[in-house]
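Visitor: what's the 3D shape of this:
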Amino acid sequence: MIQNEVQSIDVAPFLHGDARARRALAARIAEACHDIGFLSITGHGVPEALIAEMSAISRRFFDLPLEEKLRAPINRFGSGYVPIKAEALAASLGQKTPGDLKESFNAGRDFDANPWPPALPELRDIWQHYFTRLIALGAEIMCMFALGLDLPERFFDDKINPPQSFLRAINYPEQAEAPLPDQLRAGAHSDYGTLTILLSENKPGGLQVRTHSGEWVNVIAPPGSFVVNIGDMMQVWTNDRWTSTVHRVVNPPGDARGSRRQSLVFFHSPNENALIQPLETCVNAANPARYAPILAGEHMRVKSTKAGTLAK
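Guide: Numbering: from 1, shown residues only. A predicted model of the protein is given here:
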């Protein structure tokens, strides 16, 4: 098992630097997207106090009795509470497995349409503040991507405004019983959209990504960092230049204590009517377009349905 091949990049020079510094940093990010599709970022500008507040309120939600969590049930948009074993992410890649050993609470961009837990009335405001801040960070990362692909810095602006963003808090509880065969905390899958911004805990039974050679790599996130990975839509846009890497969350060792783990996952995607097809800078005579055009909204519906959540 390889311990960690994921680059850690300080993005502060992009957020605050001159044009030369921005291009140099965008090139480093493009290299990471090509090599493994994952990186961790520091210098992102999201306040530590907001991250701590978001983490704490999400943990308080998962500590509620089940009947209280079920008072914010998942709706037809995928927002709300999803109990343990109700989702099998590996199904999005056509693999049949038992339900994943996690529970989640989810919110879409329309906060009025999301169900909110009555027992934690303060949760909505904190989530909305965090959501808004990560929308802004996601837009900045898309500017980094554009420069890394030899495009104008604001190339993606009209395609991601408004984004189909989705925020998910995931609780991976300690495992009192042995998992079933092929059952993981989160089955192997790729993400569906443009990019994912993950706040993760380094606990036993964590995130792994699969390299081009087929080896699984543990992802260790430096303190204060976000893990960023590209999704399927960026792989289509880049015509396979960049990799939407398959990843999973493995089970902790049977004797592990303190293995409860929480993740805050921000899924960034284009607006529903954005056309996803290989970009001109990623297509040439030696590498013709490999994908047919598809609307971003349709792509998301197909992928989400395969994953088999309670929204069905």
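
Visitor: from Glu87, how far out is the spatially most central residue of the chain?
Guide: Compute the mean C-alpha point of the chain, and by Cα atoms, centre = their mean the closest residue is Thr196, 3.1 Å away. In this structure, Thr196 and Glu87 are separated by 16 Å, where distance is defined by Cβ to Cβ, to the nearest Å. C-beta coordinates here come from the backbone N, C-alpha and C atoms, glycine included.

Visitor: circling back: the residue nearest to the centre of the chain sits in which helix or strand?
Guide: Per DSSP states H and E: Thr196 is located in strand 195-199.

Visitor: strand partners (parallel or antiparallel) of that strand?
Guide: Within its sheet, and counting by DSSP bridges, strand 195-199 is paired with strand 226-230 (antiparallel), strand 261-268 (antiparallel).

Visitor: ok, the nearest residue to Pro173 once chain neighbours are set aside - contacts?
Guide: Distances taken as Cβ to Cβ, 6 or more residues apart in numbering put Arg260 closest to Pro173, at 5.7 Å, once the chain neighbours are dropped. Each residue near Arg260 by Cβ atoms under 8 Å, 6 or more residues apart in numbering is listed here: 171-174, 203.

Visitor: now do whichever helix in the chain runs longest, average pLDDT.
Guide: Criterion DSSP state H: the longest helix present in the chain is helix 123-148. If you average the pLDDT over helix 123-148, you get 97.

Visitor: quick one: buried residues of it?
Guide: Using 16 or more other Cβ atoms under 10 Å as the burial criterion, the residues of helix 123-148 that qualify are 123-124, 126-127, 130-131, 133-135, 137-139, 141-148.

Visitor: ok now it, how far from the chain's centre?
Guide: Counting by Cα atoms, centre = their mean, to the nearest Å, helix 123-148 is centred 12 Å from the centre of its parent chain.

Visitor: give me the neighbour count for Asp158.
Guide: Each residue near Asp158 was counted by other Cβ atoms under 10 Å, and the total is 10.

Visitor: err, Pro121, not the other one
Guide: Around Pro121 there are 9 other residues, counting by other Cβ under 10 Å.

Visitor: how about Arg168?
Guide: When counting by other Cβ under 10 Å, one arrives at 19 neighbours for Arg168.

Visitor: endpoint to endpoint, stretch 265-282 covers what distance?
Guide: One end of stretch 265-282 sits 29 Å from the other (Cα to Cα, to the nearest Å).

Visitor: tell me what the closest residue to Leu93 other than its chain neighbours is bridged to.
Guide: Spatial nearest neighbour of Leu93, chain neighbours left out: His189 (5.9 Å); criterion: Cβ to Cβ, 6+ apart. With DSSP bridges as the criterion, His189 is bridged to His247.
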